[in-house]
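In: Sequence and predicted structure below; questions after.
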Amino acid sequence: MTPLPGLRDAVGVAGPTCVLLDALTFAEGPRWRDGKLWFSEMHRERVMTVDLAGRSEVVAEVPGRPSGLGWDPEGRLLMVSMTDRRLLRLDAGGLTEVADLSPLASFHCNDMVVDARGRAYVGHFGSDYEHEPPKPAELICVEPDGAARVVARDLRFPNGLVLTPDGRTLIAAESFAGCLTAFDVAEDGSLGQRRLWAQLPAGAYPDGICLDAEGAIWAAATVARAVLRMREGGEVVDRVPTPGLAIACMLGGPDGKTLFLCSAESSVRDECRAKATARIEIARAEVPHAGLP
């Protein structure tokens, strides 16, 4: 575990974490909706839900590995299919392709946030970083009709994404840069006025993120094995340890104060499938969820 000196554990969190669901391969993209946590069980190629009693259900099978999740204004589930670089929608008859992103994404797609109008913002790896040097990546905006365009360039693995409650600011976790980057959102969905929102402590590379009602962000600090609550400017005010790599987090529950934490011992697909030691834990936060997702 990479130490983060001077930080206390679980400040602003009531009580210890407890396991909600285990024996998973890799839980990613958690979202709270309709009384359940929705998430991508990435290395089993399926989207699932789990309620607060721990009852789980498979919602969809996604052979291209699911990641980011969201909903359009009609309440239909949208999901990123990673390896074939597509945005899919779950309809009554099954999965439908909304957009093929392979012309715009140079490698696997990943996390996503969907705005109130149904626009989906999707990030990607940039390159096969396990076998070649990392390369800059883009953020892609997909309109409800499937039209897709690049809206931001030169990001270092844009991963977790959030939108502020007014929809005017998008914040992206740049995993390889160890920072959170904010963009102004124009009326047409374009992104501009890029700025540093927060630099994470050394060794705290961010993955999934979520926003609370005080404007702070919870960020899964992967190799630091912790979920950090940060204010704009970089002050870390809360820290919740995870038993493995911190993959993603989400605020939800009936009052928006249940903090869901996804962790895994590894991100390597074969190891994850063989061991199935990933888990989702919960803790209680003092400040409720805000914004999207």
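Out: Alright, I've got the coordinates.

In: mean confidence for stretch 280-293?
Out: Mean pLDDT, stretch 280-293: 96.

In: Kindly export that stretch (C-alpha atoms) in PDB.
Out: The C-alpha trace of stretch 280-293 is given here as PDB (Å, rounded to 0.1, in the frame of the first residue of the first chain):
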ATOM      1  CA  ILE A 280     -18.400  -4.000  -3.000                       C
ATOM      2  CA  GLU A 281     -18.300  -2.500   0.500                       C
ATOM      3  CA  ILE A 282     -20.500   0.200   2.000                       C
ATOM      4  CA  ALA A 283     -19.900   2.900   4.600                       C
ATOM      5  CA  ARG A 284     -22.000   5.900   5.800                       C
ATOM      6  CA  ALA A 285     -21.000   9.400   4.600                       C
ATOM      7  CA  GLU A 286     -22.100  12.700   6.200                       C
ATOM      8  CA  VAL A 287     -22.800  14.500   3.000                       C
ATOM      9  CA  PRO A 288     -25.200  13.100   0.300                       C
ATOM     10  CA  HIS A 289     -24.800  12.600  -3.400                       C
ATOM     11  CA  ALA A 290     -25.100  15.400  -5.900                       C
ATOM     12  CA  GLY A 291     -24.800  15.800  -9.700                       C
ATOM     13  CA  LEU A 292     -24.300  13.000 -12.200                       C
ATOM     14  CA  PRO A 293     -23.900  10.100 -12.300                       C
END
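
In: Tell me which residues of it come out buried.
Out: Neighbour counts over stretch 280-293 (16 or more other CB atoms under 10 Å) mark 280-285, 287, 289-293 as buried. The C-beta positions use only the backbone N, C-alpha and C, and glycine is treated the same way.

In: and if you look at stretch 26-38?
Out: Of all the residues in stretch 26-38, those buried under the rule 16+ other CB under 10 Å are 26-32, 36-38.

In: What of stretch 272-281?
Out: Within stretch 272-281, the residues that count as buried by 16+ other CB under 10 Å are 272, 276-281.

In: Is residue 121 located within a strand, as I assumed?
Out: Yes - Residue 121 sits within a strand when classified using DSSP: H, G, I helix; E, B strand; the rest coil.

In: Next, the contact list for the closest residue to residue 212 other than its chain neighbours, please.
Out: Nearest residue to residue 212, sequence neighbours excluded (CB to CB, 6 or more residues apart in numbering): residue 287, at 4.3 Å. Taking CB atoms under 8 Å, 6 or more residues apart in numbering, we find residue 287 in contact with 12, 212-214, 216, 257.
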